[in-house]
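1. Provide a 3D model corresponding to the input given below.
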Amino acid sequence: MSELLLMAVIAGERVAFRAADIQSVIELDEITPVPRAPHFVAGLAALRSRPLTVIDCMRSLEVEPAVLPDGAVRKAVVVEIERHIYALMVDAIEDVVVAESDVAPPPGKLLPGWERCALGIVETPVGALLLADPAALIAGPDCQAAA
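-> You can find the predicted model right below:
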């Protein structure tokens, strides 16, 4: 397998996204809150005069957010799902790497949020990475768990 992957950090954990799913990588300057939006929707931002929904990946995963250093700018991975564009807030963007294996099931039990959003594990030159599913991050935590 020679698929390109974008390596990012979410809640202090290194993950990968399929590069083919990524439209761009941006810095988020201003996010406008949206009243009554789900807790994992950080708000709206603009990208080339187009509105995009900003998803807080840590809240979507229901994990503790990582603390960014003072002055750090939040990064986001921009994806398009069903003709809507979204910015997936991440702690950092690290690199583009090549997948050295097919996607395999994770070797152990993951926390519920990670389990919901993981497509599996893929080997890369920097080691095994969890392959994240952008659509699952956008969908957010399972509403049935709150019922």
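
2. could you use CA atoms for every contact and neighbour count after this?
-> Fine.

3. and the residue most central in space within the chain, what are its bridge partners?
-> Centroid check for the chain by CA atoms, centre = their mean gives Leu88 as the closest residue, at 4.8 Å. On the basis of DSSP bridges, Leu88 is bridged to Ile55, Val77.

4. that one and Pro105: what is the separation?
-> Applying CA to CA, to the nearest Å, the value for Leu88 to Pro105 is 23 Å.

5. Asp95 falls within a strand, correct?
-> Yes: the assignment for Asp95 is a strand, going by DSSP: H, G, I helix; E, B strand; the rest coil.

6. now do the nearest residue to it once chain neighbours are set aside against Leu119, distance only.
-> Spatial nearest neighbour of Asp95, chain neighbours left out: Met7 (5.2 Å); criterion: CA to CA, 6 or more residues apart in numbering. Distance of Met7 to Leu119, given as CA to CA: 15 Å.

7. tell me which of these two has more neighbours.
-> Counted by other CA atoms under 10 Å, Met7 and Leu119 do not tie: Met7 has more neighbours, with 23 against 19.

8. check contacts around the more buried one.
-> Going by CA atoms under 8 Å, 6 or more residues apart in numbering, Met7 touches 14-17, 93-97.
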